[in-house]
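Trainee: sequence and predicted structure below; questions after.
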Amino acid sequence: WSLRADALADWRAAGLTRWKDEARALWPQTAPLVDQIAAPEQLAFARYAHRTLAAPAEPALMHLGDAWRSTSPQLGQGANMALLDAYALALALTGTPAGRDPLERAVALRRRHVLLYQGMSRLFTPFYQSDGRAPPVLRDLLGGPASRIGPAPRLLAAMVAGIVGAPLRPLGLTPGT
């Protein structure tokens, strides 16, 4: 479930009962979970923004995961990206030739993949959080059926596995290793 920050006050004003009724109507199987929620304070509102540090590494410090770049959670890649960042850092710290900065190497190993996922996040977010009519209609009427045709199922599986954009190749890995 996703709620834009500018709609939070209206959601609170409408009351928890209204939201619970809407949630149950949308997905009846969630009723046992939704029924356990007794107060809005039991739900955490997660704020996010698309942000990127211009310099994710500085002397003796490298930012990983959302500390380097934050994006919409719609792709669900935060943990995958942070793990890939950490692995790139470990590789760079143990395998960078003398005279080269291992932090710069770690950033270079991740740069292309990070830019790809940031772009995908910016592209897909409007389809999940939009006041317009067209993006949700396109998502629901075209996206669902298209996701079952041709290479789409494999591409979507690769996306949620965090391997779109071949992030493992610069790290010297192949899928399954």
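Mentor: In hand now; what should we look at?
Trainee: show me the helices in the chain, by range?
Mentor: With DSSP state H, the ranges of helices along the chain come out as 8-14, 16-26, 31-34, 78-95, 102-128, 134-137, 144-146, 152-160.
Trainee: can you give me the end-to-end span of stretch 137-152?
Mentor: 19 Å (CA to CA, to the nearest Å).
Trainee: likewise for stretch 139-149?
Mentor: 15 Å.
Trainee: and for that stretch, what's in contact with it?
Mentor: With CB atoms under 8 Å, 6 or more residues apart in numbering as the test, stretch 139-149 has contacts from 127-128, 152-153, 156. (C-beta placed from N, C-alpha, C; glycine too.)
Trainee: who are the neighbours in contact with the closest residue to residue 72 other than its chain neighbours?
Mentor: Leaving aside its sequence neighbours, residue 72 sits nearest to residue 125 (CB to CB, 6 or more residues apart in numbering; 4.2 Å). Shown in contact with residue 125 (CB under 8 Å, 6+ apart): 50, 72, 74.
Trainee: residues contacting the residue nearest to residue 40 when sequence neighbours are not counted?
Mentor: Setting aside the residues directly before and after it, residue 40 is nearest to residue 16 in space (CB to CB, 6+ apart), at 5.4 Å. Contact partners of residue 16, counting by CB under 8 Å, 6+ apart, are 37, 39-40.
Trainee: could those residues go into a markdown table alongside pLDDT, neighbour count and distance to residue 118?
Mentor: Putting these into a markdown table (pLDDT from 0 to 100; neighbours: other CB atoms under 10 Å; distance: CB to CB, whole Å) gives the following:
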| residue | pLDDT | neighbour count | distance to residue 118 |
| --- | --- | --- | --- |
| 37 | 97 | 14 | 33 |
| 39 | 95 | 7 | 36 |
| 40 | 93 | 13 | 32 |
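Trainee: thanks a lot, see you next time.
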